[in-house]
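*Asks:* Sequence first, predicted model second:
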Amino acid sequence: MAEKSTQKKLMTNWRWWLCSLLFFALTVNYLDRQVLSLTYEGFIKPEFGWTDANYGTITSAFSILYAIFCLFAGKFVDWMGTKKGYLIAIGVWSLGAVLHAVCGWATVHLVSGVDSVAALKAGSVAGETMSMVVTVSVWLFLLCRGILALGEAGNFPASIKVVAEYFPKKDRAFATSIFNSGASVGALAAPICIPPLAKAFGWEWAFIIIGGVGFLWMFFWAFMYDKPEISKHVNEAELEYIHQDDAEEAREKAEAAKLAASEPKLSLLQCFKYKQTWSFVIGKFFTDGVWWFYLFWAPSYFTNQFGIKMTEPKGQALIFVLYAIVTVLSIFGGYLPKVFVEKKGMNPYAGRMLAMFLFAFFPLFSLLAQPMGTISPWWPAILIGLAAAGHQAWSANIFSTVGDMFPKSTVATVTGIGAMAGGVGSMIIQKVAGNLFTYAENAGDAFTFLGFSGKPAGYFIIFCFCGIAYLLAWTIMKSLVPKYKQVEV
């Protein structure tokens with residue numbers, strides 16, 4: 001007994017070291033994703049002669065490709081195993097990130113009439129040659145973003161799998177919340193570190209240095225991760241702690257297998273027969289793109305609207321404040337429905353829908369971003385931050401509505417359909433925004449909207465859509481499924 005007590009007292013805690021690795025991986029993930037948006041206006045746009053329509057094409061392609069790859073990433077990680085699957089995923093996305101840096105060099109070698117990268121940076125290329133530079137560079141960046149999306153799609157499936165392998169049930173939610181906070185840390189760190197790197201060493205080095213961190217992470221992962229049963233860093237006491245749920249999980253698995261055998265299954269096409277599926281699809285289609293718009297276009301907005309470069313401390317502070325608000329407020333996304341269910345006695349679906357209705361009002365703050373921006377750029381940063389926090393709270397609940405209404409055998413299928421709908425919606429808003437901003441900029445004072453003209457009018461139009469998208473989505477969802485109704489097959 002004393003020996004067992006001593007052993008437990010000396011239990012290793014290797015699982016938390018691995019959790020910290022997952023945290024850093026997601027932090028790097030968000031940093032890699034934001035290098036383009038934070039270097040676009042000040043460096044890449046003038047060098048390659050891009051318009052916002054070109055940038056919108058690139059961001060829209062990333063959105064839809066990421067959604068498609070997410071459908072298959074989990075299967076890939078299961079097939080390859082956790083260690084190799086995660087290594088390949090972060091290796092691919094780090095390679096994609098670093099490859100952005102050679103797009104200038106590759107453009108020079110693919111377009112005749114361009115002497116050097118220095119000529120591009122100096123703006124000495126013009127005419128038809130410059131048109132070719134635009135076309136070729138956009139395609140090269142599209143290729144790099146596709147590689148980035150392919151690798152990044154494997155991050156969450158691999159991370160969730162590690163948590164399931166190394167943590168008992170009671171610790172999994174906490175471990176997931178720890179590594180998932182890497183997204184917020186990455187979003188906060190990006191404006192602080194990326195623009196200064198680009199200013200000091202060139203935009204290419206911003207991609208290389210940030211992308212290179214992923215390769216460094218791979219080194220630690222290769223030496224630190226093994227399955228707990230064979231890891232030399234996990235002693236018997238920790239292994240016993242990790243596997244404390246094994247007997248219970250085995251029973252649950254057996255029961256689930258019996259239930260699955262008796263539970264009716266729906267094919268992909270059959271899912272579209274139900275209003276509940278369309279409710280989820282509509283919710284994702286209208287709202288996912290709003291988050292991606294804020295992520296990809298906020299730096300460009302502050303530069304165009306206020307002349308504040310992301311290499312300036314004020315520009316970095318504006319983006320930091322925006323995401324700090326998102327980070328702090330979005331934690332209430334999962335708490336409010338719990339209050340409605342536990343304290344008000346509502347059924348889970350009704351509680352979630354009421355919470356989503358309240359969260360749908362937060363994006364309305366974006367309607368004030370443009371008018372209040374005439375006073376100070378800090379107002380848009382705060383208002384967009386509140387709107388984006390509303391999205392994160394909304395997003396935390398909409399996935400749960402699938403589990404409320406569909407049998408377990410169909411949840412993954414419907415979730416995949418919704419994720420794809422969100423990707424399509426995001427692709428559309430990115431493309432529309434880019435084309436609209438280019439058109440509005442060229443039209444100048446001839447293009448007006450509610451007292452604003454030119455490009456500011458274009459931003460105001462998109463902000464208006466972002467503001468009403470959630471209430472519109474909620475209204476359609478509620479009309480399709482007025483009250484809780486389990487799908488009966």
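*Replies:* Happy to help now that I have it. Residues are numbered from 1 along each chain as shown.

*Asks:* what separates Trp217 from Thr413, distance-wise?
*Replies:* 33 Å (C-beta to C-beta, to the nearest Å). Where C-beta positions appear, they are placed from N, C-alpha and C, glycine not excepted.

*Asks:* what's the answer for Tyr274, then?
*Replies:* From Tyr274 to Thr413 the distance is 12 Å (C-beta to C-beta).

*Asks:* When the two are compared, which one has more neighbours?
*Replies:* Shown here are Tyr274 and Thr413; by other C-beta atoms under 10 Å, Tyr274 has more neighbours (21 against 18).

*Asks:* Check the more buried one and give its pLDDT.
*Replies:* Note for Tyr274: predicted pLDDT of 86.

*Asks:* what comes into contact with stretch 452-460?
*Replies:* Contact with stretch 452-460 is made by 301, 304-305, 370, 433, 436-437, 439-441, 443-450, as judged by C-beta atoms under 8 Å, 6 or more residues apart in numbering.

*Asks:* Sort out which of those are in strands and list them.
*Replies:* Thr448, Phe449 (DSSP state E).

*Asks:* Mark which of the contacts of stretch 452-460 are buried, thanks.
*Replies:* Neighbour counting by 16 or more other C-beta atoms under 10 Å classes Tyr301, Asn304, Gln305, Gln370, Ala433, Leu436, Phe437, Ala440, Glu441, Phe447, Phe449 among those as buried.

*Asks:* For those residues, work out which two are farthest apart.
*Replies:* Tyr301 and Phe447 (16.9 Å; C-beta to C-beta).

*Asks:* Specify the local secondary structure of Gly289.
*Replies:* What DSSP: H, G, I helix; E, B strand; the rest coil gives for Gly289 is helix.

*Asks:* Could you check the pLDDT of it?
*Replies:* So Gly289 comes in at 94 (pLDDT).

*Asks:* Which residue, other than its chain neighbours, is closest to Leu239?
*Replies:* Pro228 (5.8 Å; C-beta to C-beta, 6 or more residues apart in numbering).

*Asks:* Quick check: buried residues in whichever helix in the chain runs longest?
*Replies:* Counting residues, the longest helix found in the chain (DSSP state H) is helix 408-443. In terms of neighbour count (16+ other C-beta under 10 Å), helix 408-443 has its buried residues at 409-410, 413-427, 429-438, 440-441.

*Asks:* same for that helix, what does it pack against?
*Replies:* Contact here means 3 or more C-beta pairs under 8 Å, 6 or more residues apart in numbering; DSSP states H and E; on that basis helix 408-443 packs against helix 52-80, helix 246-262, helix 268-271, helix 275-306, helix 400-405, helix 455-480.

*Asks:* For Phe320, find the nearest of the ones you listed.
*Replies:* helix 275-306 (11.2 Å).

*Asks:* helices or strands next to that closest one in the packing?
*Replies:* helix 14-39, helix 52-80, helix 313-329, helix 378-398, helix 400-405, helix 408-443, helix 455-480.

*Asks:* gap between the fifth one and the chain center?
*Replies:* Going back to what we said before, that points to helix 400-405. Put simply, helix 400-405 sits 22 Å off its chain's centre (C-alpha atoms, centre = their mean, to the nearest Å).

*Asks:* which helices and strands does it pack with?
*Replies:* helix 275-306, helix 348-359, helix 408-443.

*Asks:* On the three-state scheme, Tyr204 is what?
*Replies:* Quick fix: residue 204 reads Glu, not Tyr. Put simply, Glu204 is helix when judged by three-state DSSP.

*Asks:* centre of the chain versus stretch 451-459, how much separation?
*Replies:* The answer for stretch 451-459 is 28 Å, by C-alpha atoms, centre = their mean.

*Asks:* Grab the CA positions of it and hand them over as PDB.
*Replies:* Taking Å, rounded to 0.1, in the frame of the first residue of the first chain, the C-alpha atoms of stretch 451-459 are listed here in PDB:
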ATOM      1  CA  GLY A 451     -23.200  59.000 -47.000                       C
ATOM      2  CA  PHE A 452     -19.900  57.300 -47.800                       C
ATOM      3  CA  SER A 453     -18.200  57.200 -51.200                       C
ATOM      4  CA  GLY A 454     -15.500  55.100 -52.900                       C
ATOM      5  CA  LYS A 455     -13.800  52.400 -51.000                       C
ATOM      6  CA  PRO A 456     -15.300  53.400 -47.600                       C
ATOM      7  CA  ALA A 457     -18.700  52.800 -49.100                       C
ATOM      8  CA  GLY A 458     -17.600  49.300 -50.100                       C
ATOM      9  CA  TYR A 459     -16.500  48.500 -46.600                       C
END
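
*Asks:* And it, what's buried?
*Replies:* So stretch 451-459, judged by 16+ other C-beta under 10 Å, has buried residues Phe452, Ser453, Gly454, Lys455, Pro456, Ala457, Gly458, Tyr459.

*Asks:* How many residues are close by Asp288?
*Replies:* 26.

*Asks:* next one: Phe463
*Replies:* So Phe463, with other C-beta under 10 Å, has 27 neighbours.
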